[in-house]
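[1] Sequence and predicted model, in that order:
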Amino acid sequence: MDKPRAVVIGGGIGGLTTAVALHGRGWHVTVLERATSLEPVGAGISLAPNAQRALDVIGLGEEVRSLAAWQGEGGMRAPNGRWLSRTDSAAAVERFGGPLVLLHRATFVDRLAARLPEGAIRTGAAARLLDPGTAGGAPAVVGTEAGSMEADLVVGADGIGSAVRGVLFPAHPGPSYAGFTTWRIVVPAPERSFSPHETWGRGALWGTQPLKDGRIYAYGAAVAPAGARAADDEKAEMARRFGDWHDPIPAVIAAAEPDQVLRNDVYQLIDPLPAFHRGRTVLVGDSAHAMAPSLGQGGNQSVEDAIVLVHRLTTSPDLGTGLAAYTADRLPRTSAVVRRAARTARLMRLSSTPAVAVRDALMSTVSRFGPALVLRTFDGIMDWRPPRSTYAARTNDAHGTLR
(Lines give C-alpha, C1' and ligand atoms only; values in the text may rest on other atoms or scores of the structure.)
Protein backbone atom coordinates (compact mmCIF):
# COMPACT_ATOMS: atom_id res chain seq x y z
CA MET A 1 0.00 0.00 0.00
CA ASP A 2 1.37 3.45 -0.94
CA LYS A 3 2.27 5.78 1.89
CA PRO A 4 -0.01 8.80 2.36
CA ARG A 5 1.65 11.96 1.00
CA ALA A 6 1.99 15.22 2.90
CA VAL A 7 3.38 18.52 1.65
CA VAL A 8 4.54 20.98 4.32
CA ILE A 9 4.76 24.59 3.16
CA GLY A 10 7.36 26.27 5.36
CA GLY A 11 10.56 24.93 6.92
CA GLY A 12 10.41 26.65 10.30
CA ILE A 13 10.03 24.98 13.66
CA GLY A 14 6.33 24.18 13.30
CA GLY A 15 6.68 22.82 9.78
CA LEU A 16 9.74 20.69 10.52
CA THR A 17 8.34 19.27 13.76
CA THR A 18 5.15 18.32 11.93
CA ALA A 19 7.18 16.75 9.12
CA VAL A 20 9.21 14.69 11.59
CA ALA A 21 6.08 13.52 13.41
CA LEU A 22 4.32 12.59 10.15
CA HIS A 23 7.40 10.77 8.87
CA GLY A 24 7.54 8.80 12.10
CA ARG A 25 3.97 7.66 11.48
CA GLY A 26 4.70 6.39 7.99
CA TRP A 27 3.85 9.39 5.83
CA HIS A 28 5.84 10.39 2.76
CA VAL A 29 6.70 14.01 3.55
CA THR A 30 8.00 16.87 1.39
CA VAL A 31 8.93 20.19 3.01
CA LEU A 32 8.95 23.22 0.70
CA GLU A 33 10.86 26.22 2.06
CA ARG A 34 10.98 29.50 0.14
CA ALA A 35 14.33 30.59 1.62
CA THR A 36 17.56 29.19 0.26
CA SER A 37 18.62 27.95 3.70
CA LEU A 38 16.89 26.57 6.77
CA GLU A 39 19.44 28.07 9.14
CA PRO A 40 18.12 31.13 11.01
CA VAL A 41 20.61 33.81 11.99
CA GLY A 42 21.08 35.47 15.36
CA ALA A 43 18.23 34.00 17.34
CA GLY A 44 17.72 31.68 20.27
CA ILE A 45 14.62 29.79 21.30
CA SER A 46 13.41 28.99 24.79
CA LEU A 47 11.74 25.60 25.09
CA ALA A 48 9.45 25.21 28.08
CA PRO A 49 8.48 21.89 29.68
CA ASN A 50 5.30 21.68 27.57
CA ALA A 51 7.27 21.73 24.32
CA GLN A 52 9.93 19.39 25.68
CA ARG A 53 7.28 16.82 26.52
CA ALA A 54 5.95 17.15 22.98
CA LEU A 55 9.47 16.59 21.61
CA ASP A 56 9.75 13.46 23.76
CA VAL A 57 6.96 12.01 21.61
CA ILE A 58 9.22 12.05 18.55
CA GLY A 59 12.32 11.03 20.47
CA LEU A 60 13.98 14.44 20.33
CA GLY A 61 13.44 15.80 23.83
CA GLU A 62 16.52 14.31 25.46
CA GLU A 63 18.78 15.39 22.62
CA VAL A 64 17.49 18.96 22.80
CA ARG A 65 17.95 19.09 26.57
CA SER A 66 21.54 17.87 26.21
CA LEU A 67 22.33 20.72 23.79
CA ALA A 68 20.57 23.48 25.72
CA ALA A 69 21.30 25.72 28.68
CA TRP A 70 18.92 25.60 31.61
CA GLN A 71 17.07 28.84 32.27
CA GLY A 72 15.62 30.14 35.47
CA GLU A 73 18.44 31.58 37.57
CA GLY A 74 18.36 35.36 37.41
CA GLY A 75 15.23 37.43 37.16
CA MET A 76 13.79 40.78 36.18
CA ARG A 77 15.57 44.11 36.59
CA ALA A 78 15.02 47.82 36.11
CA PRO A 79 17.26 49.73 33.64
CA ASN A 80 19.40 51.01 36.55
CA GLY A 81 20.14 47.40 37.54
CA ARG A 82 17.79 47.11 40.51
CA TRP A 83 16.31 43.63 40.80
CA LEU A 84 12.52 43.59 40.57
CA SER A 85 12.14 39.85 40.98
CA ARG A 86 14.30 36.73 41.14
CA THR A 87 13.69 33.38 39.51
CA ASP A 88 14.82 29.88 40.35
CA SER A 89 15.17 26.96 37.92
CA ALA A 90 14.50 24.45 40.70
CA ALA A 91 11.11 26.08 41.33
CA ALA A 92 10.21 25.72 37.64
CA VAL A 93 11.19 22.05 37.70
CA GLU A 94 9.11 21.45 40.80
CA ARG A 95 6.05 23.22 39.44
CA PHE A 96 6.09 22.10 35.81
CA GLY A 97 8.03 18.84 35.84
CA GLY A 98 11.05 20.13 33.97
CA PRO A 99 13.26 23.15 33.33
CA LEU A 100 13.08 25.90 30.76
CA VAL A 101 15.97 25.47 28.35
CA LEU A 102 17.54 27.75 25.75
CA LEU A 103 19.36 26.87 22.54
CA HIS A 104 20.16 28.50 19.22
CA ARG A 105 17.38 28.16 16.66
CA ALA A 106 19.88 26.93 14.09
CA THR A 107 20.79 24.04 16.41
CA PHE A 108 17.15 23.12 16.92
CA VAL A 109 16.34 23.34 13.22
CA ASP A 110 19.37 21.19 12.39
CA ARG A 111 18.28 18.48 14.84
CA LEU A 112 14.77 18.43 13.36
CA ALA A 113 16.03 18.33 9.78
CA ALA A 114 18.35 15.44 10.62
CA ARG A 115 15.29 13.30 11.48
CA LEU A 116 13.96 13.53 7.91
CA PRO A 117 15.11 11.40 4.98
CA GLU A 118 17.44 12.84 2.36
CA GLY A 119 15.56 14.88 -0.22
CA ALA A 120 12.55 15.50 1.99
CA ILE A 121 13.44 19.19 2.43
CA ARG A 122 13.58 21.44 -0.62
CA THR A 123 14.96 24.92 -0.02
CA GLY A 124 14.56 27.76 -2.49
CA ALA A 125 11.19 26.23 -3.28
CA ALA A 126 8.42 28.82 -3.25
CA ALA A 127 5.02 27.16 -3.04
CA ARG A 128 1.38 28.22 -3.08
CA LEU A 129 -1.80 26.40 -2.23
CA LEU A 130 -3.86 26.00 -5.40
CA ASP A 131 -6.63 23.81 -3.97
CA PRO A 132 -7.17 22.82 -0.32
CA GLY A 133 -8.78 19.55 -1.44
CA THR A 134 -11.74 17.74 0.04
CA ALA A 135 -11.32 15.65 3.17
CA GLY A 136 -13.26 12.72 1.74
CA GLY A 137 -12.41 13.21 -1.89
CA ALA A 138 -10.14 15.27 -4.13
CA PRO A 139 -6.50 15.73 -3.09
CA ALA A 140 -5.03 19.08 -2.17
CA VAL A 141 -2.89 20.73 -4.83
CA VAL A 142 0.26 22.80 -4.30
CA GLY A 143 1.90 24.84 -7.04
CA THR A 144 5.66 25.28 -7.39
CA GLU A 145 7.95 26.62 -10.09
CA ALA A 146 8.52 23.02 -11.16
CA GLY A 147 4.79 22.32 -11.51
CA SER A 148 1.94 21.21 -9.29
CA MET A 149 1.94 18.53 -6.58
CA GLU A 150 -1.03 16.57 -5.25
CA ALA A 151 -1.13 15.60 -1.60
CA ASP A 152 -3.33 13.74 0.84
CA LEU A 153 -2.49 16.49 3.33
CA VAL A 154 -1.05 19.99 3.05
CA VAL A 155 0.38 21.63 6.17
CA GLY A 156 0.49 25.42 6.09
CA ALA A 157 3.50 26.38 8.21
CA ASP A 158 4.36 29.56 6.32
CA GLY A 159 4.41 31.96 9.24
CA ILE A 160 2.72 35.16 10.31
CA GLY A 161 1.99 36.36 6.77
CA SER A 162 0.72 32.93 5.76
CA ALA A 163 -0.50 32.75 2.18
CA VAL A 164 -2.02 29.36 2.96
CA ARG A 165 -4.16 30.94 5.68
CA GLY A 166 -5.30 33.58 3.19
CA VAL A 167 -6.51 30.89 0.79
CA LEU A 168 -8.36 28.96 3.49
CA PHE A 169 -9.95 31.97 5.20
CA PRO A 170 -9.92 34.95 2.83
CA ALA A 171 -12.43 36.91 4.91
CA HIS A 172 -10.32 36.82 8.07
CA PRO A 173 -8.65 40.17 8.88
CA GLY A 174 -5.28 38.52 9.49
CA PRO A 175 -2.60 39.59 11.97
CA SER A 176 -2.51 43.04 13.57
CA TYR A 177 0.47 45.06 14.73
CA ALA A 178 1.18 44.52 18.43
CA GLY A 179 2.62 48.02 18.87
CA PHE A 180 6.30 47.17 19.26
CA THR A 181 9.36 45.97 17.41
CA THR A 182 12.13 43.56 18.42
CA TRP A 183 15.88 43.10 17.94
CA ARG A 184 17.73 39.79 18.35
CA ILE A 185 21.45 39.06 18.43
CA VAL A 186 23.84 36.24 19.31
CA VAL A 187 27.28 37.43 20.47
CA PRO A 188 30.35 36.18 22.36
CA ALA A 189 29.98 36.32 26.13
CA PRO A 190 31.27 39.50 27.83
CA GLU A 191 34.41 39.21 29.93
CA ARG A 192 32.61 39.97 33.17
CA SER A 193 30.17 37.39 34.49
CA PHE A 194 26.50 38.31 34.87
CA SER A 195 23.20 36.87 35.99
CA PRO A 196 20.67 36.10 33.26
CA HIS A 197 18.01 38.77 33.26
CA GLU A 198 15.12 40.44 31.51
CA THR A 199 15.10 44.18 32.13
CA TRP A 200 11.90 46.22 31.82
CA GLY A 201 11.98 49.95 31.17
CA ARG A 202 9.54 52.54 29.85
CA GLY A 203 7.94 51.02 26.75
CA ALA A 204 10.95 48.77 26.28
CA LEU A 205 12.67 45.64 27.56
CA TRP A 206 15.98 43.84 27.14
CA GLY A 207 16.95 40.23 27.81
CA THR A 208 20.41 38.68 28.14
CA GLN A 209 20.61 34.89 28.34
CA PRO A 210 23.58 32.50 28.05
CA LEU A 211 23.68 29.66 25.53
CA LYS A 212 25.38 26.39 26.41
CA ASP A 213 28.17 26.96 23.87
CA GLY A 214 29.36 30.08 25.72
CA ARG A 215 27.69 32.67 23.51
CA ILE A 216 24.97 35.09 24.58
CA TYR A 217 21.50 35.36 23.14
CA ALA A 218 20.12 38.86 23.68
CA TYR A 219 16.91 40.53 22.60
CA GLY A 220 15.32 43.92 22.85
CA ALA A 221 11.81 45.19 22.34
CA ALA A 222 10.45 48.73 22.21
CA VAL A 223 7.32 50.62 21.30
CA ALA A 224 7.71 51.94 17.74
CA PRO A 225 5.57 52.68 14.69
CA ALA A 226 5.04 49.72 12.38
CA GLY A 227 7.64 49.60 9.62
CA ALA A 228 10.04 52.09 11.26
CA ARG A 229 13.74 51.37 10.74
CA ALA A 230 17.00 52.95 11.87
CA ALA A 231 18.40 55.74 9.72
CA ASP A 232 21.90 54.21 10.01
CA ASP A 233 21.93 50.62 11.26
CA GLU A 234 20.08 48.56 13.85
CA LYS A 235 23.12 48.09 16.09
CA ALA A 236 23.27 51.87 16.46
CA GLU A 237 19.53 51.93 17.16
CA MET A 238 19.93 49.36 19.94
CA ALA A 239 22.73 51.47 21.43
CA ARG A 240 20.53 54.58 21.37
CA ARG A 241 17.66 52.79 23.09
CA PHE A 242 19.50 50.51 25.54
CA GLY A 243 23.12 51.68 25.67
CA ASP A 244 22.73 53.48 29.02
CA TRP A 245 21.03 50.52 30.75
CA HIS A 246 22.85 48.43 33.35
CA ASP A 247 25.78 46.08 32.68
CA PRO A 248 26.29 43.89 30.71
CA ILE A 249 23.83 45.40 28.19
CA PRO A 250 26.19 48.03 26.70
CA ALA A 251 28.97 45.44 26.25
CA VAL A 252 26.57 42.94 24.65
CA ILE A 253 25.40 45.55 22.15
CA ALA A 254 28.99 46.57 21.41
CA ALA A 255 29.86 42.95 20.58
CA ALA A 256 27.13 42.64 17.93
CA GLU A 257 27.95 42.64 14.23
CA PRO A 258 25.70 45.20 12.51
CA ASP A 259 24.74 42.84 9.69
CA GLN A 260 23.78 40.10 12.16
CA VAL A 261 21.11 42.09 14.01
CA LEU A 262 17.60 40.82 13.35
CA ARG A 263 14.82 43.38 13.62
CA ASN A 264 11.18 42.36 13.30
CA ASP A 265 7.93 44.14 14.02
CA VAL A 266 5.59 42.02 16.14
CA TYR A 267 2.24 40.95 14.72
CA GLN A 268 -0.39 38.82 16.40
CA LEU A 269 -3.62 37.04 15.49
CA ILE A 270 -5.84 38.57 18.15
CA ASP A 271 -8.96 37.58 16.18
CA PRO A 272 -8.98 33.76 16.23
CA LEU A 273 -9.49 31.87 13.00
CA PRO A 274 -12.81 30.03 12.57
CA ALA A 275 -10.84 26.76 12.30
CA PHE A 276 -7.32 25.53 11.74
CA HIS A 277 -8.24 23.41 8.73
CA ARG A 278 -10.27 23.25 5.56
CA GLY A 279 -10.51 20.30 3.23
CA ARG A 280 -7.18 18.46 3.29
CA THR A 281 -5.20 21.51 4.41
CA VAL A 282 -4.26 22.40 7.98
CA LEU A 283 -2.41 25.27 9.68
CA VAL A 284 0.26 25.02 12.38
CA GLY A 285 2.35 27.55 14.27
CA ASP A 286 2.30 31.26 13.49
CA SER A 287 0.14 30.60 10.43
CA ALA A 288 -2.62 29.57 12.83
CA HIS A 289 -2.01 31.61 15.97
CA ALA A 290 0.77 34.21 15.75
CA MET A 291 1.36 35.69 19.18
CA ALA A 292 3.50 38.28 20.93
CA PRO A 293 6.79 36.86 22.26
CA SER A 294 6.10 38.09 25.78
CA LEU A 295 5.45 34.59 27.19
CA GLY A 296 8.10 32.89 25.04
CA GLN A 297 5.47 30.45 23.78
CA GLY A 298 5.36 30.99 20.01
CA GLY A 299 7.69 28.15 19.06
CA ASN A 300 6.49 26.02 21.95
CA GLN A 301 2.90 26.13 20.76
CA SER A 302 4.07 25.22 17.24
CA VAL A 303 5.70 22.08 18.61
CA GLU A 304 2.52 21.21 20.50
CA ASP A 305 0.52 21.69 17.28
CA ALA A 306 2.64 19.16 15.42
CA ILE A 307 2.27 16.43 18.00
CA VAL A 308 -1.47 16.90 18.51
CA LEU A 309 -2.11 17.02 14.75
CA VAL A 310 -0.33 13.74 14.07
CA HIS A 311 -1.95 12.14 17.12
CA ARG A 312 -5.39 13.06 15.84
CA LEU A 313 -4.64 11.88 12.31
CA THR A 314 -3.35 8.60 13.69
CA THR A 315 -6.19 7.85 16.10
CA SER A 316 -9.18 9.11 14.07
CA PRO A 317 -11.16 6.95 11.61
CA ASP A 318 -10.54 9.30 8.68
CA LEU A 319 -8.68 12.48 7.72
CA GLY A 320 -11.66 14.81 8.05
CA THR A 321 -12.44 13.63 11.57
CA GLY A 322 -8.80 13.91 12.55
CA LEU A 323 -8.45 17.47 11.29
CA ALA A 324 -11.68 18.52 13.00
CA ALA A 325 -10.43 17.00 16.27
CA TYR A 326 -7.13 18.88 15.86
CA THR A 327 -8.98 22.18 15.50
CA ALA A 328 -11.15 21.35 18.53
CA ASP A 329 -8.04 20.62 20.59
CA ARG A 330 -5.81 23.48 19.50
CA LEU A 331 -8.01 26.48 18.68
CA PRO A 332 -9.24 27.18 22.23
CA ARG A 333 -5.84 26.57 23.82
CA THR A 334 -3.78 28.69 21.44
CA SER A 335 -6.37 31.48 21.41
CA ALA A 336 -6.06 31.68 25.19
CA VAL A 337 -2.25 31.80 24.99
CA VAL A 338 -2.42 34.55 22.34
CA ARG A 339 -4.61 36.64 24.66
CA ARG A 340 -2.36 36.09 27.67
CA ALA A 341 0.72 37.02 25.65
CA ALA A 342 -1.02 40.19 24.47
CA ARG A 343 -1.87 41.17 28.06
CA THR A 344 1.74 40.71 29.15
CA ALA A 345 2.94 42.72 26.16
CA ARG A 346 0.70 45.60 27.21
CA LEU A 347 2.56 45.75 30.53
CA MET A 348 5.84 46.05 28.64
CA ARG A 349 4.46 48.88 26.49
CA LEU A 350 3.62 51.06 29.51
CA SER A 351 5.57 54.29 29.20
CA SER A 352 4.19 56.84 31.66
CA THR A 353 6.24 57.25 34.81
CA PRO A 354 3.34 56.52 37.24
CA ALA A 355 2.23 53.41 35.32
CA VAL A 356 5.77 52.02 35.14
CA ALA A 357 6.29 52.69 38.86
CA VAL A 358 3.12 50.76 39.72
CA ARG A 359 4.09 47.88 37.41
CA ASP A 360 7.57 47.60 38.91
CA ALA A 361 6.25 47.80 42.47
CA LEU A 362 3.79 45.02 41.70
CA MET A 363 6.58 42.83 40.31
CA SER A 364 8.69 43.42 43.41
CA THR A 365 5.79 42.69 45.75
CA VAL A 366 4.91 39.43 44.00
CA SER A 367 8.56 38.37 44.05
CA ARG A 368 8.70 38.65 47.85
CA PHE A 369 6.35 35.67 48.06
CA GLY A 370 8.88 33.51 46.23
CA PRO A 371 9.39 32.23 42.68
CA ALA A 372 6.42 29.86 42.88
CA LEU A 373 4.00 32.79 42.84
CA VAL A 374 5.77 34.34 39.83
CA LEU A 375 5.60 31.02 37.99
CA ARG A 376 1.83 30.85 38.45
CA THR A 377 1.65 33.10 35.38
CA PHE A 378 2.41 29.98 33.33
CA ASP A 379 -0.08 27.62 34.95
CA GLY A 380 -2.19 26.06 32.24
CA ILE A 381 0.59 26.60 29.70
CA MET A 382 3.82 24.93 30.79
CA ASP A 383 2.04 22.06 32.57
CA TRP A 384 0.49 20.82 29.28
CA ARG A 385 1.11 17.19 28.38
CA PRO A 386 0.77 15.41 25.02
CA PRO A 387 -2.05 12.94 24.41
CA ARG A 388 -1.19 9.84 26.42
CA SER A 389 -1.64 7.32 23.60
CA THR A 390 1.13 8.85 21.52
CA TYR A 391 4.10 8.15 23.72
CA ALA A 392 5.48 5.75 26.29
CA ALA A 393 5.28 6.90 29.90
CA ARG A 394 8.47 8.49 31.21
CA THR A 395 9.62 9.20 34.72
CA ASN A 396 11.51 12.18 36.06
CA ASP A 397 15.00 11.97 37.50
CA ALA A 398 15.97 13.58 40.77
CA HIS A 399 16.17 16.99 39.10
CA GLY A 400 12.74 16.67 37.49
CA THR A 401 14.16 16.23 34.01
CA LEU A 402 11.97 14.10 31.79
CA ARG A 403 13.47 10.71 30.89
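    Yes, it's here. Residues are numbered from 1 along each chain as shown.
[2] the strands in the stretch 51-200 of the chain, which residues?
    69-71, 74-77, 83-87, 100-104, 121-123, 127-131, 140-144, 147-151, 153-156, 176-188, 197-200 (DSSP state E, counting those that start in this stretch).
[3] Tell me which of these lies nearest to Ala231.
    If you check each of these against Ala231 by CB to CB, strand 176-188 wins as the nearest, at 14.7 Å. Every C-beta, even on glycine, is put in place using the N, C-alpha and C of the backbone.
[4] Compute the inter-axis angle for that closest one and strand 100-104.
    70 degrees (axes from the mean of the first three to the mean of the last three CA atoms, to 10 degrees).
[5] Does Leu362 lie in a helix or a strand, and which?
    Element membership for Leu362 (DSSP states H and E) is helix 353-367.
[6] Can you list the helices and strands that the next helix or strand after that helix packs against?
    Downstream of helix 353-367, the next assigned helix or strand under DSSP H and E is helix 371-375. Here helix 371-375 touches strand 83-87, helix 89-96, helix 353-367, going by 3 or more CB pairs under 8 Å, 6 or more residues apart in numbering; DSSP states H and E.
[7] Can you give me the buried ones in the helix holding Leu362?
    Neighbour-count burial for helix 353-367, counted by 16 or more other CB atoms under 10 Å, picks out 356, 359-360, 363, 366-367.
[8] Now tell me which of those residues the prediction trusts least.
    On pLDDT alone, Ser367 ranks lowest of those, at 79.
[9] Tell me who's in contact with the closest residue to it other than its chain neighbours.
    In this structure, Ser367 finds its nearest non-sequential neighbour in Ser85, 3.3 Å apart by CB to CB, 6 or more residues apart in numbering. The neighbours of Ser85, taking CB atoms under 8 Å, 6 or more residues apart in numbering as the test, are 75-76, 363-364, 366-367, 374.
[10] for Ala230, same thing?
    Counting by CB under 8 Å, 6+ apart, Ala230 has contacts 236-237, 263.
[11] Neighbour-wise, which one of those leads?
    Using other CB atoms under 10 Å as the neighbour test, the contacts of Ala230 are led by Glu237, with 22 neighbours.
[12] For the helix or strand encompassing it, name the packing helices and strands.
    Per DSSP H and E: Glu237 is located in helix 234-242. In terms of contacts (3+ CB pairs under 8 Å, 6+ apart), helix 234-242 is packed against strand 176-188, strand 204-210, strand 215-223, helix 249-254.
[13] Mean neighbour count, distance to Asp131 and mean pLDDT added to these, as a markdown table?
    A markdown table is the format used below for those (neighbours: other CB atoms under 10 Å; distance: least, CB to CB, whole Å; pLDDT from 0 to 100):
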| stretch | mean neighbour count | distance to Asp131 | mean pLDDT |
| --- | --- | --- | --- |
| strand 176-188 | 20 | 29 | 97 |
| strand 204-210 | 22 | 43 | 97 |
| strand 215-223 | 22 | 39 | 97 |
| helix 249-254 | 20 | 48 | 97 |
